[in-house]
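# sequence and computational prediction follow.
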Amino acid sequence: MHKLEFTGSVKCDFSSWNYMGLFQLLADGLGFAGPLLLNALISYMENPTEVSWHGYLYAGGLFLSTLLASLLTAHFDYIVKKIGIKLQSGRLPYRK
């Protein structure tokens with residue numbers, strides 16, 4: 001991609017670029033939450049004196065963080081493909 005095409009894409013689709021960055025940042029953050037919640041769930045299972053609703057909370061948080069991370073990554077990929085198609089269609093020569 002040439003520099004001119006990149007700057008043109010950023011100027012035309014600035015909101016898409018912002019959403020892309022936000023979605024990827026959130027997906028990466030939720031990716032870090034997964035191992036932390038898994039560690040908390042394992043610690044809960046090793047400690048028999050902890051209340052039972054903590055285990056449900058850790059398991060639910062692990063499920064939701066993984067689900068949201070995958071949805072945000074899929075939406076990020078969708079926006080990247082959409083911008084790529086726009087760039088490719090802008091470069092096609094016009095034939096009558």
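It's in.

# give me the longest helix you can find in this structure.
Counting by DSSP state H, the longest helix found in the chain is helix 52-91.

# which of the residues in it are buried?
By 16 or more other Cβ atoms under 10 Å, the buried positions in helix 52-91 come out as Tyr58, Gly61, Leu62, Ser65, Thr66, Ala69, Leu72, Thr73, Phe76, Ile79, Ile83, Leu87. Bear in mind the C-beta positions are built from the backbone N, C-alpha and C, glycine included.

# got any ranges where this structure has weak pLDDT?
For the chain, the stretches flagged by pLDDT under 70 are 1-15, 90-96.

# turn the buried residues of helix 52-91 into a markdown table, columns for distance to Glu50.
Below are the buried residues of helix 52-91 laid out as a markdown table (distance: Cβ to Cβ, whole Å):
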| residue | distance to Glu50 |
| --- | --- |
| Tyr58 | 10 |
| Gly61 | 15 |
| Leu62 | 16 |
| Ser65 | 20 |
| Thr66 | 23 |
| Ala69 | 26 |
| Leu72 | 31 |
| Thr73 | 32 |
| Phe76 | 37 |
| Ile79 | 42 |
| Ile83 | 47 |
| Leu87 | 53 |
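
# and of those, the nearest to Asn18?
Set against Asn18, the nearest of these by Cβ to Cβ is Ile79 (10.3 Å).

# tell me the contacts of the closest one?
Ser16, Tyr19, Met20, Phe23 (Cβ atoms under 8 Å, 6 or more residues apart in numbering).
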